[in-house]
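# here is a sequence together with a model predicted from it:
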Amino acid sequence: MVNCSINGCKNSSRTCNSTNKGITFHRFPKDPDIKEKWINLTGRQDWFPTENSRICSIHFHENDFNVTAKRCNLMKSSIPTLNIWKLCSENVSFNTIFSQNIKTM
Ligand SMILES: [Zn+2]
């Protein structure tokens, strides 16, 4: 079973299989810079993704996906920006992260 790595997100492959809501789960990127942004956005402290870590598709914009044939891939530079509610409610500098990473809100 795969769980979403975003702190506070309950989505997992058990609750959201492919027939349910169209939620997909995405591996952390290989690019170290983008990977670091993803890790920051999970809202977790002292945590690093493993081979099995995933972030689910509710945290990405439609535009972040490169939908080809039947596969739903993320663009290489996509970062999760949606539904990061946990981060907002905690004392993490949400706006700082966003102003660095996001050009248009
Ligand atoms: Zn999620």
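Structure's in. What do you need?

# point out the residues in the chain that sit beside the ion.
The chain comes close to the ion at residues 4, 6, 9, 11, 56, as judged by CB under 5 Å from the ion. C-beta coordinates here come from the backbone N, C-alpha and C atoms, glycine included.

# recalculate using a threshold of 6 Å.
Neighbours of the ion within the chain, by CB under 6 Å from the ion: 4, 6, 9, 11, 55, 56, 58, 59.

# do you have the strands of this protein handy? List them.
In the chain, strands defined by DSSP state E lie at 25-27, 54-56, 65-68, 71-74, listed in chain order.

# please identify the buried residues of the top helix by length along the chain?
For the chain, the longest helix by residue count, based on DSSP state H, is helix 32-42. The neighbour-count criterion (16 or more other CB atoms under 10 Å) identifies 34, 35, 37, 38, 39, 40, 41, 42 as the buried residues of helix 32-42.

# let me see the contact set for the first one.
Under the criterion of CB atoms under 8 Å, 6 or more residues apart in numbering, the neighbours of residue 34 are 76, 77, 78, 79.

# cool, and the second one?
The neighbours of residue 35, taking CB under 8 Å, 6+ apart as the test, are 28, 29, 49.

# ok, residue 84 touching residue 41?
Yes. Residue 84 is within contact range of residue 41, at 5.8 Å (criterion: CB atoms under 8 Å).

# mutual contacts of these two, please.
Joint contacts of residue 84 and residue 41 (CB under 8 Å, 6+ apart) are 6, 59.

# and the contacts of stretch 48-68?
By CB under 8 Å, 6+ apart, the list of residues contacting stretch 48-68 reads 2-6, 9, 11, 16, 22-28, 35, 38-39, 41-42, 72-75, 78, 80-84.

# distance between the ends of it?
In terms of CA to CA, to the nearest Å, the two terminal residues of stretch 48-68 are separated by 30 Å.

# mind listing what's buried in that stretch?
For stretch 48-68, the neighbour count (16+ other CB under 10 Å) marks 49, 53, 54, 55, 56, 57, 58, 59, 60, 64, 65 as buried.

# quick one: least confident of these?
Lowest pLDDT among those: residue 65, with 87.
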